[in-house]
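[1] Sharing a model prediction with you, sequence too.
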Amino acid sequence: MKESNSKHRILILGASGYIGHSIYKELGPYFRTFGTYRTPRKEFETNKQFFQYNIEEDDVYEILEACKPTIIISTLRGDFNAQIIAHQHITEYILDTATRVIFLSSANAFDAYSKYPSYELDKTLSHSVYGHFKIKIENMLLRLPKKQVAILRLPMVFGVNCPRIQEIKSLISDNEAVEIFPNLIMNVTLDKKVTQQIHYIINRNKYGVFHLGSTDLVHHDEFIKEILAFVSEKKALLKHVFTTNDDRYLAVLPKYNKLPKHLQITSQTVLEELQK
């Protein structure tokens, strides 16, 4: 049964991107759902629910005023400084309204900790520019009233036609090597599982920090080799990348803020879905 359309007005910032568009397709039938796109495309220009938004040039406030969302989902990409300014404007808007925000963060918020996997309440620390940027926005949002904020930290996200799979296929067809990291221990997830989890978080008014990775861990090289076995009949060239002599973890495991069993996922489920 579809929920009442009057329940929420949802704005997905970055709805033309891979994950943003998956979220739009999941939520669109149930809620009044708006989205932003950067590059002009006919399907977005003719969709009255979509707004063109160039993060470096446009003020997000105009879009917020135009659609007056009750929930903002941020899946933005682009210039980091421009994103920080946009999120500052979003926090001001949230303080003035009862709007909630769902921010898609990353396992890279923990990439300075390599000796163990990370849980929701662990202190964030990153050595990478990308991880450092995600932490900055997380900290900005965590200063807001806690019931208005959900931070979703994602591991590597896969899907049948996801950019990672497309890139692997392209490398194989061009006879270029696919990089694998033998010492990297990580967890993974599926695009459609993430969208179901977001739908649940919205319906149940959940807030706080969520780790949306698989409940088990995998070695990067073994996982990618399993994918290679079924994405192409042509044998792939492999480039082994050793960033360290020891195993290093880049995994976001759920522990304190677990979702129901049917919304949890294992790495095996990801592989099975990719083979369909």
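    Perfect, I can see it now.
[2] For the residue nearest the centre of the chain, give me the backbone phi and psi.
    Centroid-nearest residue in the chain: residue 104, 4.7 Å away (criterion: Cα atoms, centre = their mean). For residue 104, the backbone dihedrals are phi -90, psi 110 (criterion: degrees, to the nearest 10).
[3] again, but for residue 8
    The phi/psi pair for residue 8 (degrees, to the nearest 10) reads phi -140, psi 150.
[4] any idea how far the residue nearest to the centre of the chain lies from residue 18?
    Distance from residue 104 to residue 18, counting by Cβ to Cβ, to the nearest Å: 11 Å. C-betas here are computed from N, CA, C, even on glycine.
[5] Kindly report the same for residue 108.
    Taking Cβ to Cβ as the criterion, residue 108 is separated from residue 18 by 17 Å.
[6] More neighbours: which of those two?
    The neighbour count for residue 108 versus residue 18, taken as other Cβ atoms under 10 Å, is higher for residue 108 (23 against 17).
[7] returning to what we had before: contacting residues around the residue nearest to the centre of the chain?
    Residue 104 makes contact with 19, 73, 74, 75, 152, 154 under the criterion Cβ atoms under 8 Å, 6 or more residues apart in numbering.
[8] If we use 10 Å, what do you get?
    For residue 104, the contact set (Cβ atoms under 10 Å, 6 or more residues apart in numbering) comprises 13-14, 19-20, 23, 73-76, 134, 150-154, 157, 194, 198, 212.
[9] could you show me where the strands are in the chain, in order?
    Counting by DSSP state E, residue ranges of the strands within the chain are 9-13, 32-37, 50-52, 71-74, 100-106, 149-154, 156-158, 178-180, 184-186, 188-190, 208-211, 218-219, 238-240, 248-250.
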